[in-house]
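Show me the folded form of this:
(chains A and B)
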Protein chains: 2
Amino acid sequence: MKPIISQAIIGRLALYFRLFKSLYEDGVQVISSEDIGKKLDITPVQIRKDLAVFGQFGMKGVGYYTSELVSQIGNILGLNNRWNMAIVGVGHLGGALANYKNFETNGFKLTALFDKDTRIIGSYVHGIQVSDVRNLKSIMTNRNIQIGIITVPAPEAQGVANLLVESGVKGIWNFAPTKINVPSEIPLVNEDLAMDLSTLSYHISRE
Amino acid sequence: MKPIISQAIIGRLALYFRLFKSLYEDGVQVISSEDIGKKLDITPVQIRKDLAVFGQFGMKGVGYYTSELVSQIGNILGLNNRWNMAIVGVGHLGGALANYKNFETNGFKLTALFDKDTRIIGSYVHGIQVSDVRNLKSIMTNRNIQIGIITVPAPEAQGVANLLVESGVKGIWNFAPTKINVPSEIPLVNEDLAMDLSTLSYHISRE
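This is a model prediction of the structure:
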């Protein structure tokens, strides 16, 4: 259940972060939990509870300061840090993620690519040379990589996860369409693009 | 603000759907809003409000029936329908999505691929021949395609969106890292993979 729990809270924080950032950039300095609730369709009680957990953000009778929220939620979400990432599996998806431009603007830096295919090892993607997955442990340590992204086929995902854990990875983002097990102290996010499609199918169904 | 509003509600429904499906498969027949709240870290008030909007789901003093919820939320999210999809832009990301296996198990079927590059047009990806984007309108109609996925570079995204709208698309999933404008009656989901990474950076920051 852990990934679901995490995503519920963090998903809301990510929504708050985007809203407050957009309001701040539009010159809005203060917003009430009622107005946040209307914009995001979340109850004001839930909003006050969410924001209270992480410290004293709001001012009673005034509202929440957007600049303060952007900075504090950014800190909470770790978006003001810099993270080094490695992709394991440089197939279609791994190659696509390596070329995805939005990561770096949010503090995430791709610093290594791994594959086991000798035809791919040594080639360059997005300016990074693909390394042999057998050298994963030493490269992860030398380049101080905290996040491992798994884009190998499902049957190989658990093996790669084990290797990442042994190399001291701090968090794993799994795109392989299978359940993998990692020690509970290692945060794991399972990406399910099909669930994101449900936003679309919901709206189309209701037209 | 529309995409953010949608994602807040639908995101919760998708979480409910996954939870109830997993409970149902584990033999759990009934669950209270308090227990749902503990598992998903959402207040019971928010849960009852969310589920009440869509009809009479729960039984007072008993709880919610997992089988009923899986079926009804599946219907609400449109996951019991079948949707035809087209990908526009068969580069790294488009190619990766074309090969993504999890779509079909959720009722989403890829039925067309488009590109403007003559070196790609005519080739096959995941068993589908890449068509010339100039034939987009007729192919979208002939193959009854409801969902358009944009995976072209940012500067070309708005042009592709316009073309999809003219072809009568019912919903758009945009992976290009740019803001696009479509008529308000066309649901638009902007995929921001960098925001998903914030789940990981949040947990790593708190270790």
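
Mean confidence (pLDDT) on the helix or strand hosting A:G159, please.
According to DSSP states H and E, A:G159 maps onto helix A:154-166. In this model, helix A:154-166 carries a mean pLDDT of 96.

Other residues contacting it?
The contact list for helix A:154-166 (CB atoms under 8 Å, 6 or more residues apart in numbering or on different chains) reads A:88-89, A:133, A:136-137, A:140, A:148, A:150, A:152, A:172, A:174, A:176-178, A:180-183, A:186. For glycine as for every other residue, the C-beta is placed from the backbone atoms N, C-alpha and C.

how about that helix: buried residues?
For helix A:154-166, a neighbour-count test (16 or more other CB atoms under 10 Å in any protein chain shown) marks A:E156, A:A157, A:Q158, A:V160, A:A161, A:L163, A:L164, A:V165 as buried.

Which helix or strand lies directly C-terminal to that helix?
With DSSP H and E, the next secondary element past helix A:154-166 is strand A:171-174.

neighbouring strands for that following strand, and are they parallel or not?
If you go by DSSP bridges, strand A:171-174 pairs up with strand A:147-150 (parallel), strand A:188-190 (parallel).

Could you look over those strands and pick the most buried one?
Comparing the strands paired with strand A:171-174 by mean neighbour count (mean count of other CB atoms under 10 Å in any protein chain shown), strand A:147-150 ranks first with a mean of 28.

Would you mind writing the CA trace of that strand as CSV?
Extracted in CSV, the C-alpha atoms of strand A:147-150 (Å, rounded to 0.1, in the frame of the first residue of the first chain):
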residue,chain,number,x,y,z
ILE,A,147,17.7,8.1,-8.2
GLY,A,148,17.5,5.0,-10.4
ILE,A,149,14.9,4.8,-13.2
ILE,A,150,14.0,1.3,-14.4
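
tell me the SS of the residue of chain A positioned farthest from its centre?
Most distant from the centre of chain A: A:G61, at 34.1 Å, with distances by CA atoms, centre = their mean. Secondary structure for A:G61, judged by DSSP: H, G, I helix; E, B strand; the rest coil, is coil.

Contact partners for it?
A:G61 neighbours (CB under 8 Å, 6+ apart): none.

same thing with A:S167?
By CB under 8 Å, 6+ apart, the contact set of A:S167 is A:L136, A:K137, A:M140, A:T141, A:G148.

For the first one, list the residues it contacts.
The one in question is A:L136. By CB under 8 Å, 6+ apart, the neighbours of A:L136 are A:A86, A:V88, A:F114, A:L163, A:L164, A:S167.

Which strand or helix spans it?
Following DSSP H and E, one finds A:L136 within helix A:136-142.

so how far is that helix off the chain centroid?
Chain-centre distance of helix A:136-142: 22 Å, with CA atoms, centre = their mean, to the nearest Å.

do the same with stretch A:197-207
24 Å.

That stretch near chain B anywhere?
Yes: using CB under 8 Å from any CB of the partner chain, stretch A:197-207 reaches chain B at A:L197, A:S198, A:T199, A:L200, A:S201, A:Y202, A:H203, A:I204, A:S205, A:E207.

how about the residues you listed in TSV, adding secondary structure and neighbour count?
Listed next are the residues of stretch A:197-207 next to chain B as TSV, based on DSSP: H, G, I helix; E, B strand; the rest coil; neighbours: other CB atoms under 10 Å in any protein chain shown:
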residue	secondary structure	neighbour count
A:L197	helix	27
A:S198	helix	26
A:T199	helix	25
A:L200	helix	27
A:S201	helix	26
A:Y202	helix	22
A:H203	helix	21
A:I204	helix	18
A:S205	helix	19
A:E207	coil	10
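
In a markdown table: these, plus pLDDT.
Below are the residues of stretch A:197-207 next to chain B laid out as a markdown table (pLDDT from 0 to 100):
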| residue | pLDDT |
| --- | --- |
| A:L197 | 81 |
| A:S198 | 80 |
| A:T199 | 76 |
| A:L200 | 81 |
| A:S201 | 84 |
| A:Y202 | 80 |
| A:H203 | 78 |
| A:I204 | 82 |
| A:S205 | 79 |
| A:E207 | 62 |
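
Considering the residues you listed, which is situated nearest to A:R18?
A:T199 (15.0 Å; CB to CB).

Correct me if wrong: A:I36 contacts A:V45.
No: in this structure, A:I36 is not within contact of A:V45 by CB atoms under 8 Å, at 11.7 Å.

Which residue, other than its chain neighbours, is closest to A:G11?
Nearest non-adjacent residue to A:G11, counting by CB to CB, 6 or more residues apart in numbering or on different chains: B:G11, 5.6 Å away.

Ok, A:A176 next?
Nearest non-adjacent residue to A:A176 (CB to CB, 6+ apart): A:A157, at 3.6 Å.

distance of that neighbour from A:G37?
39 Å (CB to CB, to the nearest Å).

Repeat that for A:P155.
45 Å.

A:V133 contacts A:V88, doesn't it?
Yes: here A:V133 reaches A:V88: they are 6.5 Å apart, a contact under CB under 8 Å.

joint contacts of the two?
A:F114, A:D115, A:V160, A:L163.

Now the two most distant members of those.
Maximum distance among the shared contacts of A:V133 and A:V88 (CB to CB): 12.9 Å, for A:D115 and A:L163.

Next, show the common contact partners of those two.
Common neighbours of A:D115 and A:L163 (CB under 8 Å, 6+ apart) are A:V88, A:V133.

The strand ranked longest in chain A to helix A:154-166, inter-axis angle?
Using DSSP state E, we find that the single longest strand of chain A is strand A:108-115. When axes from the mean of the first three to the mean of the last three CA atoms, to 10 degrees is applied, the directions of strand A:108-115 and helix A:154-166 differ by 120 degrees.

other SSEs contacting strand A:108-115?
In terms of contacts (3 or more CB pairs under 8 Å, 6 or more residues apart in numbering or on different chains; DSSP states H and E), strand A:108-115 is packed against strand A:83-88, helix A:92-98, helix A:102-105, strand A:128-132, helix A:136-142, helix B:193-206.

closest to A:Q72 out of the ones you listed?
helix B:193-206 (12.5 Å).

Taking their axis directions, the closest one and strand A:108-115 sit at what angle?
Note on geometry: by the same axes, to 10 degrees, helix B:193-206 and strand A:108-115 are set 100 degrees apart in direction.

tell me what helix B:193-206 is packed against?
Checking 3+ CB pairs under 8 Å, 6+ apart, helix B:193-206 ends up next to helix A:2-25, helix A:66-76, strand A:83-88, helix A:102-105, strand A:108-115, strand A:147-150, strand A:171-174, strand A:188-190.
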